[in-house]
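A.B. asks: Sequence first, then the predicted structure, then my questions.
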Amino acid sequence: MSKFDVTVIGSGPGGYISAIRCAQLGMKVAIIERYPNLGGTCLNVGCIPSKALLDSSEHYHNAVHKFKTHGINTEGLSVDFTQMIARKADVVKQNADGISYLMKKNKITVFNGHGSFVSKNQILVTKDDGSTETVETDKTIIATGSKPSTIPGVAIDKTRIITSTEALKLTEIPKHLLLIGGGVIGIELGSVYARLGSKVSVVEFTDSIIGTMDRSLGKELQKICKKLGFDFYLKHKVTGVENTGNGVVLKAQNLANNEEISLEGDYCLVAVGRHAYTDKLGLENVGIAKDERGRIQVDGHLETGVKGIYAIGDVIKGAMLAHKAEEEGVFVAEVIAGEKPHINYLLIPGVVYTWPEVAAVGHTEEELKAAGTPYKSGQFPFVASGRARAGMDTDGFVKVLAHKETDEILGVHIIGPRAADLIAEAVVAMEYRASAEDIGRMSHAHPTYAEALKDACLAASENRALNM
Ligand code: FAD
Ligand code: NAI
């Protein structure tokens, strides 16, 4: 029996980063992963493969729609979808190899198999061939992540009625992809296939896509997606989906007038959220409590009700994001080491990797209104940016919300080229509690997309954007 200071169950971004930080802090660490590849959802069936396909499909889309204007002829252009999927798999493999290397470098012992609690200090690892071994541990970090959810009347069969996992490894480009859910997964993967020529229909229960973000972003993104060939059925409740053998039929009810619609497609991607994954983890053997949504309950130190057992990432409350899981992984390692770390959850940015990208940090305008916070807003459109015009990327804007009296930046909401990278400046600014004027007075290289943030800050602070 092997004995460790800390054992991490699950090797996603929460788990493997936490294991590394524990090792850096001098602990003897084990990590248990039930799949052969380390990296979890994010690396294997989430962030990385989806971004690989988003990039490939964006190249194709640009070649079809933009290259001619740039003076580049692309006669005979076509998609080799098998190669596109193979490249994605290769990107995943390179990253998985990278994590295995990091485990070795940090002297972390990897156990391949399903982990489950026997007792507070003993975890049973069951391998694929049924053999078992027991890991003895002082502390445990649960980082078992999440799985796709579905809704009543929709049985995922993984052939025609699929989740993101199958959508990332289709063998053909759908002619008509039906999407249930206009959230992040639906819009990102819908974009991939729309760029490759699929007709994409989104059936969304609420009145907005990417509904957790500032409403202005969802509105703008919807316009952009429509240009790509998306059809939207907002305020529609899906009542059922049937696999007809070589296609699918989806039925939904229009919540405004109760009319029923029927859509035929070749695949239906169900993207209605994810739920915490704790199957066969043996939580009952140690008495760890879950909340009403099946998530592991933790306190302010991310410790469960059982002393010495912590939980992080998608399996607990909060945004289901890789970088949120990572921050929590580092946090717990440092708590165990006796340090006093802190996570500012308000400043965990959210990004949608469409093109243009969508990225935000801090409060939405709706939240500020609801809280009665006095605020002012400044907006700068990319169409007024020289850099964006040079790159033919003029859709979108930067919106900065600042406190009406103090000018402190309270929220930054961007839809535009490279928004995912631009948001980092807003995170730094807000972490240091900068005012909009602070950013407006700092030099931003010209010509860059980042100038749009500076101008939006000037617009918010003193209504004096320079380039508009
Ligand atoms: P996970 O990554 O889910 O890892 C949990 C691991 O635990 C898994 O490997 C699982 O096999 C293992 N495990 C579970 N139970 C056991 C057990 N009993 N024994 C052993 N091992 C076990 N987030 C972003 O921030 N940016 C993105 O661009 C992004 N894109 C995404 C795209 C898609 C299509 C999807 C589905 C998700 C995306 N996410 C993205 C979300 C992101 O993947 C998750 O928030 C993140 O992976 C959560 O990390 P985690 O470590 O908590 O869990
Ligand atoms: P989501 O929560 O983003 O979106 C789900 C959508 O489905 C919502 O708009 C919701 O209103 C809708 N919906 C729910 N029930 C419905 C019903 N019955 N009929 C029609 N619509 C319905 O969840 P999604 O897209 O599945 O993603 C899961 C998680 O993965 C997200 O929480 C996200 O954080 C993470 N993720 C992050 C990415 C990123 O950071 N770029 C990319 C992809 C996923």
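C.D. replies: Arrived safely. It should be emphasised that the depicted structure is a prediction, and the values quoted were computed from it without experimental measurement. Ligands and ions are numbered 1, 2, ... in the order given.

A.B. asks: Going by C-alpha atoms from here, please, whenever you check contacts or count neighbours.
C.D. replies: Will do.

A.B. asks: how about the residues of the protein that lie near ligand 1?
C.D. replies: 9-15, 32-35, 39-42, 45-47, 50, 113-116, 143-146, 164, 185, 281, 313-315, 320-323, 325 (C-alpha under 6 Å from any ligand atom).

A.B. asks: If any of the residues you listed are buried, give me the ChimeraX selection for them.
C.D. replies: Only the buried entries of the residues of the chain next to ligand 1 go into this ChimeraX selection, using 16 or more other C-alpha atoms under 10 Å:
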select :9,10,11,12,13,14,15,32,33,34,35,39,40,41,42,45,46,47,50,113,114,115,116,143,144,145,146,164,185,281,313,314,315,320,321,322,323,325
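
A.B. asks: Filter the residues of the chain next to ligand 1 down to the ones in helices?
C.D. replies: Among the residues of the chain next to ligand 1, the members falling in helices (DSSP state H) are 13-15, 40-42, 45, 47, 50, 164, 185, 322-323, 325.

A.B. asks: near ligand 2 too, which of the residues of the chain next to ligand 1?
C.D. replies: Near ligand 2, judged by C-alpha under 6 Å from any ligand atom, the entries from the residues of the chain next to ligand 1 are 185, 320, 321.

A.B. asks: ok, the second one touching residue 312?
C.D. replies: Right, residue 320. No: in this structure residue 320 lies outside contact range of residue 312 using C-alpha atoms under 8 Å: 10.5 Å.

A.B. asks: Please produce a markdown table containing the ones next to ligand 2 among the residues of the chain next to ligand 1, extended by pLDDT.
C.D. replies: As requested, those are exported to a markdown table (pLDDT from 0 to 100):
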| residue | pLDDT |
| --- | --- |
| 185 | 98 |
| 320 | 98 |
| 321 | 98 |
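
A.B. asks: Which one of those is nearest to residue 255?
C.D. replies: Residue 255 has its nearest neighbour among these in residue 185, at 23.0 Å by C-alpha to C-alpha.

A.B. asks: and the residue nearest to that closest one when sequence neighbours are not counted, how many neighbours?
C.D. replies: Computed as C-alpha to C-alpha, 6 or more residues apart in numbering, the closest residue to residue 185 that is not its neighbour in sequence is residue 271, at 6.1 Å. Using other C-alpha atoms under 10 Å, residue 271 has 24 other residues around it.

A.B. asks: do residue 292 as well
C.D. replies: Neighbourhood size, residue 292 [other C-alpha under 10 Å]: 8.

A.B. asks: Roughly how far does it sit from residue 271?
C.D. replies: Taking C-alpha to C-alpha, to the nearest Å as the measure, residue 292 falls 21 Å from residue 271.

A.B. asks: same deal with residue 230?
C.D. replies: From residue 230 to residue 271 the distance is 16 Å (C-alpha to C-alpha).

A.B. asks: With residue 341 instead?
C.D. replies: As judged by C-alpha to C-alpha, residue 341 and residue 271 stand 34 Å apart.

A.B. asks: Equivalent analysis for residue 4, please.
C.D. replies: Distance from residue 4 to residue 271, by C-alpha to C-alpha: 38 Å.

A.B. asks: what's the answer for residue 175, then?
C.D. replies: According to C-alpha to C-alpha, residue 175 stands 19 Å off from residue 271.

A.B. asks: Spell out which parts of the stretch 201-350 of the chain neighbour ligand 2.
C.D. replies: Selection of the stretch 201-350 of the chain residues close to ligand 2 by C-alpha under 6 Å from any ligand atom yields 203-206, 209-211, 237-238, 271-274, 319-321, 350.

A.B. asks: Of these, which belong to strands?
C.D. replies: 203, 237, 238, 274, 350 (DSSP state E).

A.B. asks: Using neighbour counts, trim the residues you listed to the buried set.
C.D. replies: Among those, those classed as buried by 16+ other C-alpha under 10 Å are 203, 237, 238, 350.

A.B. asks: between these, which is closest to ligand 1?
C.D. replies: Using C-alpha to the nearest ligand atom, residue 350 comes nearest to ligand 1 of those, at 7.4 Å.

A.B. asks: correct me, but the closest one touches residue 361?
C.D. replies: Yes: using C-alpha under 8 Å, residue 350 is in contact with residue 361, at 6.5 Å.

A.B. asks: What mean pLDDT does the top strand by length along the chain get?
C.D. replies: In the chain, taking DSSP E as the definition, the longest strand is strand 132-142. Across strand 132-142, pLDDT averages out at 98.

A.B. asks: what's the burial count for the closest residue to residue 250 other than its chain neighbours?
C.D. replies: Nearest in space to residue 250, with sequence neighbours left out and distances taken as C-alpha to C-alpha, 6+ apart, is residue 241 at 4.4 Å. The burial count assigned to residue 241 is 23, neighbours taken as other C-alpha under 10 Å.

A.B. asks: tell me the strands in the stretch 301-450 of the chain, going along the chain?
C.D. replies: 309-311, 350-352, 357-362, 375-381, 397-403, 409-416 (DSSP state E, counting those that start in this stretch).

A.B. asks: Using CSV, write out the CA atom coordinates for the third one.
C.D. replies: This points to strand 357-362. Coordinates of each C-alpha in strand 357-362 appear next as CSV, following Å, rounded to 0.1, in the frame of the first residue of the first chain:
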residue,chain,number,x,y,z
GLU,A,357,-14.7,36.4,-29.5
VAL,A,358,-16.7,37.4,-26.5
ALA,A,359,-15.1,38.1,-23.1
ALA,A,360,-16.1,39.7,-19.9
VAL,A,361,-15.1,40.3,-16.3
GLY,A,362,-16.8,41.8,-13.3
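
A.B. asks: got a list of contacts for it?
C.D. replies: Contact with strand 357-362 is made by 213, 217, 346-352, 410-420, 423, 426-427, as judged by C-alpha atoms under 8 Å, 6 or more residues apart in numbering.

A.B. asks: Now name the helix or strand holding residue 101.
C.D. replies: Following DSSP states H and E, one finds residue 101 within helix 81-105.

A.B. asks: Name the residues of that helix that are buried.
C.D. replies: Residues 81, 84-85, 87-89, 91-93, 95-96, 99-100, 102-103 are the ones in helix 81-105 that count as buried (16+ other C-alpha under 10 Å).

A.B. asks: now that helix: mean pLDDT?
C.D. replies: Mean per-residue pLDDT for helix 81-105: 98.

A.B. asks: likewise stretch 456-463?
C.D. replies: On average, stretch 456-463 scores 95.

A.B. asks: Show me how far it is from its chain's centre.
C.D. replies: Mean C-alpha position of stretch 456-463 versus that of the full chain (C-alpha atoms, centre = their mean, to the nearest Å) differs by 30 Å.
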